[in-house]
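[1] quick one, structure for this:
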Amino acid sequence: MATLSDVARRAGVSPATASRVINGSSKPVTEELRERVLRAVAELQYVPNAHAQLLARSHRGAVGVIVHDVSDPYFSEITRGLQRVATDQGRLLMICNSYRDPERELEYVELLRGQQVAAIVLAGSGYHDADFTRLLNGKLAAYEATGGRVAVIGRHEHSGDAVMPDNRGGGELLGQELCRLGHEHIGVVAGPRVLTTTTDRLTGLRAALAEHGRELPEHRIRYADFDRDGGAEATAALLDAEPGLTAIAALNDSMAIGALALLRARAVPVPQQVSVFGFDDMPMARDVTPALTTIRLPLVEMGARAMALALDPGAASPRVESLAADLIRRDSSGPAPR
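    Model prediction:
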């Protein structure tokens, strides 16, 4: 590979001048010298050393995002928004999958701090874990002390910029729709207990049911992984325990699609016998059969807003942006059977 010295020799300039042109230095360089250097770069197909540029510049060119699993459509959509803003601002986006492992999340914060990224976005749910939260906040504070910026998506015990999807409000919308359709025998496919997202969505759902004089007993809730297989297994457990359920409310769309698959395998008609509801409105929610009734969150916008906050150093105090949820009615839901 060509080196900076090779470029300087080809252009007939000093290595310092070549470096100023390539790295966008504020020190003045004549247009003629600039053109010679850029022509040499093109002829030699020179690629700057990213680590050397990092040492030479005060500007940090990369940003990091920690997600639970980028293969999950929820995080794929959020990452689209993150990527869009990062790219528009000329930043390299480094994506880290924690796979909902808190220890790995802590390791990634340290790794991104070592890479001197300009900002870290925590895109996954917060945890109900005081020890983990204390350790995480300590590592984030050390990173912020070096000039790094942090933004979070969802409810985290971190004092800083945040984008807050209305998970509780979305749960209330879901509960109100269940009551409007006359459902009383409702099973809930919830995510992991340790996640704040699960808690907030379930809290909103219970509040709406309570307004209509309906309870959600614990035995009608099954906690599972936020994925298709988790949804299928939890739905099977609910139906085996209570065959008379008329609705399955899944707290994300992947689990709802697992519920639809399980019901189809058991030849249970949807929504004539059992209605199915999801949460998030991922793109695939429109394409399954029947199309999924769900709670829509603006996932791409959530990512875009979080990255914009992370890269905007202008505010002296933490900023919190709330994004509303909407009910999207499709074919998987209907009135409770008589």
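
[2] need the CA coordinates for stretch 15-28. PDB is fine.
    The C-alpha trace of stretch 15-28 is given here as PDB (Å, rounded to 0.1, in the frame of the first residue of the first chain):
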ATOM      1  CA  PRO A  15       5.200  15.000   4.000                       C
ATOM      2  CA  ALA A  16       3.900  17.800   6.200                       C
ATOM      3  CA  THR A  17       2.200  19.600   3.300                       C
ATOM      4  CA  ALA A  18       0.700  16.300   2.000                       C
ATOM      5  CA  SER A  19      -0.600  15.600   5.500                       C
ATOM      6  CA  ARG A  20      -2.200  19.000   5.700                       C
ATOM      7  CA  VAL A  21      -4.100  18.500   2.500                       C
ATOM      8  CA  ILE A  22      -5.200  14.900   3.200                       C
ATOM      9  CA  ASN A  23      -6.300  15.600   6.800                       C
ATOM     10  CA  GLY A  24      -8.100  18.800   6.100                       C
ATOM     11  CA  SER A  25      -5.800  21.000   8.200                       C
ATOM     12  CA  SER A  26      -6.800  24.600   8.800                       C
ATOM     13  CA  LYS A  27      -3.200  25.700   7.800                       C
ATOM     14  CA  PRO A  28      -3.300  27.400   4.400                       C
END
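
[3] go through it and flag the buried ones.
    Neighbour-count burial for stretch 15-28, counted by 16 or more other Cβ atoms under 10 Å, picks out 17-22. For glycine as for every other residue, the C-beta is placed from the backbone atoms N, C-alpha and C.

[4] please apply the same query to stretch 197-214.
    By neighbour count with 16+ other Cβ under 10 Å, stretch 197-214 contains the buried residues 197-202, 204-206, 208-209, 214.

[5] do the same with stretch 261-270
    261-263, 268, 270.

[6] one more: stretch 241-258?
    For stretch 241-258, a neighbour-count test (16+ other Cβ under 10 Å) marks 245-258 as buried.

[7] do the same with stretch 304-318
    304-311.

[8] ok, back up a step: show me which pair in the buried residues of stretch 241-258 is furthest apart.
    246 and 254 (22.3 Å; Cβ to Cβ).

[9] tabulate the buried residues of stretch 197-214 (CSV), appending pLDDT and distance to residue 67.
    Formatted as CSV, these follow (pLDDT from 0 to 100; distance: Cβ to Cβ, whole Å):
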residue, pLDDT, distance to residue 67
197, 96, 13
198, 97, 17
199, 97, 20
200, 97, 18
201, 98, 19
202, 98, 22
204, 98, 24
205, 98, 25
206, 97, 28
208, 98, 29
209, 97, 31
214, 94, 35
